[in-house]
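1. Using only what follows, build the 3D model:
(2 chains)
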Amino acid sequence: MSIKGKGYIVGAYEHPTRLATDKSVSQLHAEVAWGALQDAGLSKADIDGYICAGDAPGLGPLNIADYLGLNGLRFLDSTDVGGSSYLLHVAHAIQAIALGRASCVLITLAGRPASEAMATGTAPRTWGVNVPDDPFEMVYGRTVANAYAMVAMRHMYEFGTTSEQLAWIKVAASHHAQHNPHAKLRKVVTVEDVVNSPMISDPLHRLDCCVITDGGGALIVASPEIAKSLKRPLVKVIGAGEATKNQAGGYIDLTYSGARFSGARAFAEAGVTPSDIKYASIYDSFTITVLCQLEDLGFCEKGKGGAFVSDGNLISGVGKLPFNTDGGGLCSNHPANRGGVTKVIEAVRQARGEAHPAVQVKDHSLVLAHGTGGLLGTRHGSATLIMERE
Amino acid sequence: MTPAADRKLMAIQVDPTNKPYFDAASEGRLLIGLCKDTNKHFFYPRGCSPFTLSPNVELVEAKGTGTIYSFTVMRTKEPFSVAYVELDEGPRVFTNIVDCDLDALRIGQKVKVVFKPTQEGSPPATMFTPV
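-> Numbering: from 1, shown residues only, chains lettered A, B, ... in the order given. Here you go, the predicted model:
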């Protein structure tokens, strides 16, 4: 059994804020949920399934569903694999729809790390109590930045990847962000700007890192019957894959990510290949995250990512694989330190033909969105979605 | 030349399962897990084999030597290096490289274990320094 064609993304909404000092996290969840309903042309009463992750305060499907006034829910999920959660949520929603357990599922993400002055990447963070790896990692000052930097260092050692090549990823994102009035960083930057920005964690510079922003986003996934009754362009999910990758008892190989597995599963289900994809939303917590995932998804050979991203190859209208045309996490938005939902939202905009005209990819019907959650250098979740404009 | 800072280290959360590892660290010994079903070493130590999930595991003493598999230097006010050290027994250990010039670190460099005090009443942290 496959989820291919069993569900459509009918609503997608990104909160325009990047700094929400005047709003609670729960209120942000409500505003993105409302925005997605408006986008779809649905009302709250149509929602019979709800999914959220660890950014939702309390027990999300209880406390936030209560705040939103969602009653009569018959499908719930709160799988939390960090920033990749929301891509995997889309697949889980369609599984429920395919089984007749739901017809219209709402997914929300929201948070305010900027208002809370969180040092997202450079201060030690953990995800709860009794975490078994914490006693073996936290004392060493493990942060998001250094856990990704070690992946970049090893990639450079194995494959000769350079800082200038990584910088091209930020340059491409900045070319797209200049057209997004909501983007946190709208200035177009050069390779020199990136490699001359302060070193955060060798070999990652400040401009190799994503932004820290408040905000959120929401998606609504619905059955084919509901989707076809609405007035929006039809965006059908045709393939999905999920995976985790971890330390494997101490035999971790930093040269690849879980995208190798989630991507292969999604492409197999969709029955398409990377060369069929004309737009890709690729998780961009750091430039190295993008490089690794592009290789592991099969857009280029392992180790050749540096050459692939160079010379504007990811810039819409210039290169072969336009990516993150909203400016991505690197320049526009990384709400709640979780970029998964915005990856899906921009892919939906591209599939609908509703991206900014300056970055809209022409004459295409297949888009991909991919997320990595957690830490690339220790343990992470990986989720891939392939969608088709019908 | 960037000398590794002597950072103030946080207390380590000792639990009933990881206590023997940290007790040994307090005595200056590095223990690693051994899966007796596969005869393969693992890290971090735990009460089950990460290869088979079997409880047929024990802690064994490691030589305490290895090479840097990957590393980074956090360019904070007190710069320090986070690394994975590949032990001679095989497993890669999340750690810090200390008592060294951070600018001279290289992947493949040989290192040996050192134990650094953390907080009063908390065991030391297992770190490595260039040989």
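
2. Strands of chain A, start to end?
-> For chain A, strands defined by DSSP state E occupy the ranges A:8-14, A:49-51, A:75-77, A:104-111, A:199-201, A:204-205, A:215-222, A:235-245, A:279-282, A:366-375, A:379-389.

3. Save those as TSV, and put in mean neighbour count and distance to A:A93 too.
-> C-betas here are computed from N, CA, C, even on glycine. Formatted as TSV, the strands of chain A follow (neighbours: other C-beta atoms under 10 Å in any protein chain shown; distance: least, C-beta to C-beta, whole Å):
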stretch	mean neighbour count	distance to A:A93
strand A:8-14	27	9
strand A:49-51	26	6
strand A:75-77	20	8
strand A:104-111	29	4
strand A:199-201	23	36
strand A:204-205	25	34
strand A:215-222	30	4
strand A:235-245	23	9
strand A:279-282	27	18
strand A:366-375	28	14
strand A:379-389	26	11
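
4. who wins for proximity to chain B among these?
-> With C-beta to the nearest C-beta, the closest approach to chain B among the strands of chain A belongs to strand A:199-201: 4.6 Å.

5. average pLDDT across the closest one?
-> For strand A:199-201, mean pLDDT is 98.

6. Same check on stretch A:305-324?
-> Stretch A:305-324 comes out at a mean pLDDT of 98.

7. Any idea how far that stretch is from the middle of the chain?
-> In terms of C-alpha atoms, centre = their mean, to the nearest Å, the centre of stretch A:305-324 is set 18 Å apart from its chain centre.

8. which of the residues in it are buried?
-> A:305-310, A:313-316, A:319, A:321-324 (16 or more other C-beta atoms under 10 Å in any protein chain shown).

9. where does the stretch 1-150 of chain A have low pLDDT?
-> Within the stretch 1-150 of chain A, no range satisfies pLDDT under 70.

10. Which residue is it, in chain A, that comes closest to chain B?
-> Closest point on chain A to chain B, by C-beta to the nearest C-beta, is A:G250, at 2.8 Å.

11. Neighbours of that residue, how many?
-> 23 (other C-beta atoms under 10 Å in any protein chain shown).

12. Based on its surroundings, how many neighbours for the spatially closest residue to it that is not a sequence neighbour?
-> Distance criterion C-beta to C-beta, 6 or more residues apart in numbering or on different chains; nearest residue to A:G250, sequence neighbours excluded, is B:P91 at 2.8 Å. As a burial measure, B:P91 scores 26 neighbours (other C-beta under 10 Å).

13. what about the residue nearest the centre of chain A, distance to A:L185?
-> By C-alpha atoms, centre = their mean, chain A has its centre lying nearest to A:G340, at 2.5 Å. Using C-beta to C-beta, to the nearest Å, A:G340 is found at 20 Å from A:L185.

14. Then A:L375?
-> Taking C-beta to C-beta, one finds A:L375 at 23 Å from A:L185.

15. for chain B, what's the longest strand?
-> Every strand in chain B considered (DSSP E), the longest is strand B:65-74.

16. Could you list every helix and strand in contact with that strand?
-> The contact analysis (3 or more C-beta pairs under 8 Å, 6 or more residues apart in numbering or on different chains; DSSP states H and E) places strand B:65-74 against helix A:144-159, strand A:199-201, strand B:80-87, strand B:92-97, strand B:110-116.

17. Kindly provide the whole-number mean pLDDT of the third one.
-> Meaning strand B:80-87. The average pLDDT within strand B:80-87 is 98.

18. wait, does that strand contact chain A?
-> Yes - judged by C-beta under 8 Å from any C-beta of the partner chain, strand B:80-87 comes into contact with chain A at B:80, B:82-84, B:87.

19. Out of those residues, which is nearest to A:G7?
-> Set against A:G7, the nearest of the residues of strand B:80-87 next to chain A by C-beta to C-beta is B:Y84 (40.2 Å).

20. what's that closest one in contact with, if anything?
-> A:150, A:252, A:254, B:68-71, B:92-95 (C-beta atoms under 8 Å, 6 or more residues apart in numbering or on different chains).

21. Specify the beta-bridge partners of it.
-> As for beta bridges, B:Y84 partners with B:S70, B:F94 under DSSP bridges.

22. Then B:G66?
-> Assigned bridge partners for B:G66, using DSSP bridges, are B:L87, B:V111.

23. Do I have it right that it meets B:V111?
-> Yes - the pair B:G66 / B:V111 is scored as a contact, 6.0 Å apart, by C-beta atoms under 8 Å.

24. Overlap of the contact sets of the two?
-> B:85, B:128.

25. For the residue in chain B that chain A sits nearest to, give me its contacts.
-> Nearest residue of chain B to chain A: B:P91, at 2.8 Å (C-beta to the nearest C-beta). Each residue near B:P91 by C-beta under 8 Å, 6+ apart is listed here: A:249-251, B:32, B:41-43.

26. hmm, try it at 6 Å
-> Neighbouring residues of B:P91 by C-beta atoms under 6 Å, 6 or more residues apart in numbering or on different chains: A:250, B:41-43.

27. Which residues lie in contact with residue 63 in this structure?
-> All of this is about chain A. Taking C-beta under 6 Å, 6+ apart, one finds A:P57 in contact with A:N63.

28. Can you look at chain B instead?
-> B:D88.

29. Same question for B:D88.
-> B:63, B:65-66.

30. again with A:D284
-> A:290, A:324, A:328-330.

31. A:D55 contacts A:A336, correct?
-> Yes - applying C-beta atoms under 6 Å as the test, A:D55 and A:A336 come out as touching, 4.1 Å apart.

32. Need the overlap of contacts for these two.
-> A:109, A:111.

33. Next, give me the two most distant ones among the buried residues of stretch A:305-324.
-> Maximum distance among the buried residues of stretch A:305-324 (C-beta to C-beta): 20.5 Å, for A:G306 and A:S316.

34. What ranges does chain B have for its strands?
-> B:31-35, B:40-42, B:57-61, B:65-74, B:80-87, B:92-97, B:110-116, B:125-130.

35. ok, B:K8 - how many residues close by?
-> B:K8 has 8 nearby residues by other C-beta under 10 Å.

36. Identify the residues contacting it.
-> Contacts of B:K8 (C-beta under 6 Å, 6+ apart): none.

37. now B:L105
-> B:L105 touches B:71, B:97, counting by C-beta under 6 Å, 6+ apart.

38. one more time with 8 Å, if that's ok
-> B:68, B:71, B:73, B:81, B:83, B:97, B:130.

39. how far away is the spatially closest residue to the fifth one that is not a sequence neighbour from A:Y140?
-> Yep, that's B:A83 we're talking about. Once flanking residues are discounted, B:A83 sits nearest to B:F71: 3.7 Å by C-beta to C-beta, 6+ apart. Applying C-beta to C-beta, the value for B:F71 to A:Y140 is 11 Å.
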